[in-house]
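>>> can't give you the sequence, but here's the structure:
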């Protein structure tokens, strides 16, 4: 017996492994989140209030996974993987667009959130399409901004300001994955939007530059045929021909690439901080159209009180009252880590972005534009663009080939 | 590093000064060490005491070339490796010393998906990029150990292992990797009669840093921060830096029955346990982003039974088993800016979302025949290994599970030609997949780019059936170097591997060619 003492460890080894088993619990981890909304007073006090038709869009900031769930009796319950989410509610109630959102909600247990909704009506002048991403290699001179009269009445471009919203970043970084230092609870602290780069406006005394119902004007950074540009190594062709643009952004900044084309009216430069002209970041930056409630833009820009420094920095921005926004698009980089609101919910309750060729990376130099969706047609067959005050719903997020001057499909 | 290096070189030169009249004793010395020491391969450094050839040194230079499409996804398409090895042993009274210094300089062509050097193979938090480029890793391995016979029954031992190296590419996003692993292993053994009980421990530290540089900044480059089973984050590669810090500790118990070099029956049993962690931390001194924490634990059992039926005929049966668990801890972090304008990340949740288990069981048999002068002239072996790996992602109920069986045969014949010895060996193996399941159905589409380009191809390579065969030829010639007796050894070898299921658009094989020349003193 003693002779076989050395065999015992072998037997123990085999028995030990035979007893091993794996855990087959393969259920995905999910938590229930109940979303409740508070309707705005315009809806609750409306005499002919109809049942609200609303949807909550849930966006996972890590995976970019999005799901939409209809609200029933102003409530919806969604089952979510652990993570951080943005919740956006949009819809119609009492004939008004209603929107609201909450961003950066951590879901690591079941919870309930309440979203206050804001009512709005559609804008008169809206961005039909914006193109800022450029093409390789580092060519963004082909940018354009197409503005559409989304009403059945003549509108006037006179005095309309177009600008890029400042990101409100910390002084030591240019990373965009952090919220704006100008904002608290997704609202601008001093009630004004900060604009950066070059702030430009349409000239005129109020009725000089009409825009007919359901038509557009194209504002080109450089009104030339960019598709004909001579290509060097690593360059890629731009698809954009802006030779028939209606307006140009010529700033006389002595940049060789800033082309002035005679015969095409130029927008007025109100104020500038950096860059060669109005230059949103090529991966995306919020844009606004605004019209001052009183006074003219040139006088407003000359007033020192219209300037304020970025919090914590000495860099100045041009400030526009938040109540004079005509249209705004909260454009962010595709990277979900950068999905912070920089447009107030009353002006845009959503977010939109351009992606790269893989459909997920940032869209800088992708050659893609952001185009507003079509909501329908008038009895006369003219295009009605979608304007629910929620760019997540209103724009074709991800972007597409630019179509300057083409309305509808 | 200079002090241990000079100590070891002194040791090797001392060892080489021991000229031996009959150099045949060094032919096939590694097999002799194995057959004369039942505890050969023990984790306990006291095993040095039982080496039958305690005064020996080996210096050799080797070159290896590998090429072929059949390889793991993060392996190079082809590689060239130069290796210089100094190793040796020396007994001085009651103390037996052993150590080695190995220098490796490799060129890894068309390699992607792994910008790490010494990080654990089980660690899912790999930083990488998808750009195939040429890596040039250069590593040093240094180890040294000693076994001290305190009395008739008591042995003490201590060994140290040090690996250090760097690797870099010259193609954006240009990772530059610098890493180090250092391990200390103390051990003790007590003998009573034919029985020996041993205890050893080990503690190891890992430190590695990866920095990315982008020269052509007009094209944006990204790095992937893997979190396991297809989940990843992307970051701008420009200046992106990651550090890995880790600690490993373990303990083993050994039981040896009759460790005499000539015992007719002997047995060695070892049971071990380890626990380790590695933290991946990104950023700089004032901005830290947690990439994840890998925790691993495992235990292992091994047994070797040796039957010496005559002075020249030896049978060995080995059993090996190991089981380990690993967990990948994910951190959800929120970025903010401190009063000085620096970015900070606050951990708002952490959980072990990734779980893996690894199990191996192997059984082997080896027959050795020695000449009357003790030269191992014939050896034949067979082994079978069963392995199972399962990895789960709890968030998305994703899972991969596979089991493989490997059967291998090898044979070696060594014969004398005039003053020298020629050795010829053959080996063949077949790996058969027994089970392979991968479920990524609930994974978010945002991860599809990595699932398609990394996770599924990696899984396919790990689960495919293949066969391989190899041949090696060696020539050992006793000569005198500077008046000292030594053995000149020349070896060439080749291996060929072929997967049985073809992958469209790829070659299905891989070959390795090697050559080695050196001296044994």
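Thanks, I have it. Only a predicted model underlies this, so the values are computations on that prediction, with no experimental measurement involved.
>>> Chain A contacts on the stretch 101-250 of chain B?
B:218, B:219, B:220, B:222, B:233, B:234 (CB under 8 Å from any CB of the partner chain). To be clear about C-beta, it is placed using only N, CA and C from the backbone, and glycine gets the same treatment.
>>> isn't there a strand covering the first one?
So that's residue B:218. No. Using DSSP: H, G, I helix; E, B strand; the rest coil, the secondary structure at residue B:218 is coil, not a strand.
>>> residues in contact with it?
Residue B:218 is in contact with A:136, A:137, A:138, A:234, counting by CB atoms under 8 Å, 6 or more residues apart in numbering or on different chains.
>>> what do you get for the fifth one?
Contacts of residue B:233 were listed using CB under 8 Å, 6+ apart, and they are A:62, B:224, B:225, B:227.
>>> Of these, just say which sits nearest to residue B:137.
Within the contacts of residue B:233, the smallest distance to residue B:137 is 19.9 Å, found for residue B:224 (CB to CB).
>>> Quickly note the distance from residue B:275 to residue B:253.
Separation of residue B:275 from residue B:253 (CB to CB, to the nearest Å): 16 Å.
>>> on that earlier part again, of the contacts of residue B:218, buried ones?
residue A:136 (16 or more other CB atoms under 10 Å in any protein chain shown).
>>> is it true that residue B:453 lies in a helix?
Yes. Residue B:453 forms part of a helix when assessed by three-state DSSP.
>>> give me the number of residues near it?
15 (other CB atoms under 10 Å in any protein chain shown).
>>> In terms of pLDDT, where does it sit?
Residue B:453 is assigned 92 on the pLDDT scale.
>>> For the closest residue to residue A:134 other than its chain neighbours, list the residues it contacts.
In space, residue A:134 comes closest to residue A:140 once its chain neighbours are excluded; the distance is 3.3 Å by CB to CB, 6 or more residues apart in numbering or on different chains. By CB under 8 Å, 6+ apart, residue A:140 lies in contact with A:132, A:133, A:134, A:221, A:279, A:282, A:365.
>>> quick one: contacts for the third one?
Right, the one you point to is residue A:134. Contacts of residue A:134 (CB under 8 Å, 6+ apart): A:140, A:141, A:142, A:143, A:238, A:282, A:364, A:365, A:367.
>>> Just give me the closest of those residues to residue A:27.
Closest to residue A:27, out of all of the contacts of residue A:134 and judged by CB to CB, is residue A:364, at 40.1 Å.
>>> In this structure the closest one contacts residue A:135, no?
No. The pair residue A:364 / residue A:135 is not scored as a contact, 10.0 Å apart, by CB atoms under 8 Å.
>>> With residue B:179 as the reference, measure out to residue B:162.
12 Å.
>>> more crowded one of the two?
residue B:179 (21 against 18).
>>> Could you identify the pair within the residues of the stretch 101-250 of chain B next to chain A that is furthest apart?
B:218 and B:233 (23.7 Å).
>>> mean confidence for stretch A:148-163?
Mean predicted lDDT for stretch A:148-163 stands at 95.
>>> Flag every buried residue along it.
Those would be A:148-151, A:155-163, for stretch A:148-163 by 16+ other CB under 10 Å.
>>> for chain B, which spans come out with low pLDDT?
B:1-23, B:285-286, B:337, B:339-341 (pLDDT under 70).
>>> Repeat the analysis, applying 80 as the threshold.
Along chain B, segments meeting pLDDT under 80 span B:1-25, B:217-220, B:284-287, B:335-343, B:481-485, B:503-506.
>>> Spell out the residue ranges of the helices in it.
Along chain B, counting by DSSP state H, helices occupy B:2-16, B:29-36, B:448-450, B:456-463.
>>> Could you do the stretch 151-300 of chain A as well?
Counting by DSSP state H, counting those that start in this stretch, residue ranges of the helices within the stretch 151-300 of chain A are A:297-302.
>>> repeat for the stretch 1-150 of chain A
So, for the stretch 1-150 of chain A - with DSSP H, counting those that start in this stretch - the helices run A:8-18, A:41-44.
>>> what about the shortest one, distance to the chain center?
Spelled out, it's helix A:41-44. Offset of helix A:41-44 from its chain centre (CA atoms, centre = their mean, to the nearest Å): 27 Å.
>>> coming back round to it: adding distance to residue B:479 and pLDDT, write the contacts of residue B:218 out as a markdown table.
As requested, those are exported to a markdown table (distance: CB to CB, whole Å; pLDDT from 0 to 100):
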| residue | distance to residue B:479 | pLDDT |
| --- | --- | --- |
| A:136 | 64 | 91 |
| A:137 | 63 | 86 |
| A:138 | 66 | 86 |
| A:234 | 60 | 85 |
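>>> And the furthest pair within the contacts of residue B:218?
Counting by CB to CB, the most remote pair of the contacts of residue B:218 is A:138 and A:234, 9.3 Å apart.
>>> Looking at the contacts of residue B:233, which one is closest to residue B:144?
residue B:225 (36.9 Å).
>>> Residue B:232 is in contact with the closest one, correct?
Yes. Counting by CB under 8 Å, residue B:225 sits close enough to residue B:232 to count as a contact (6.1 Å).
>>> ok, what's across the strand from residue 60?
Picked chain A for this. Residue A:60 forms beta bridges with residue A:85, as assigned by DSSP bridges.
>>> actually it's chain B I care about, not the one you picked
Applying DSSP bridges, one finds that residue B:60 bridges with residue B:85, residue B:518.
>>> residues near it, how many?
17.
>>> end to end, how far does stretch A:323-331 reach?
For stretch A:323-331, the first and last residues are 20 Å from each other (CA to CA, to the nearest Å).
>>> Strands of the stretch 51-200 of chain A, start to end?
Applying DSSP state E, counting those that start in this stretch to the stretch 51-200 of chain A gives strands spanning A:53-60, A:66-70, A:75-80, A:83-93, A:96-107, A:111-116, A:118-120, A:125-131, A:144-149, A:155-156, A:161-165, A:183-184, A:187-188, A:192-201.
>>> Pipe those into TSV and attach distance to residue B:308 per row.
Listed next are the strands of the stretch 51-200 of chain A as TSV, based on distance: least, CB to CB, whole Å:
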stretch	distance to residue B:308
strand A:53-60	65
strand A:66-70	70
strand A:75-80	66
strand A:83-93	63
strand A:96-107	66
strand A:111-116	70
strand A:118-120	89
strand A:125-131	83
strand A:144-149	88
strand A:155-156	102
strand A:161-165	84
strand A:183-184	82
strand A:187-188	86
strand A:192-201	85
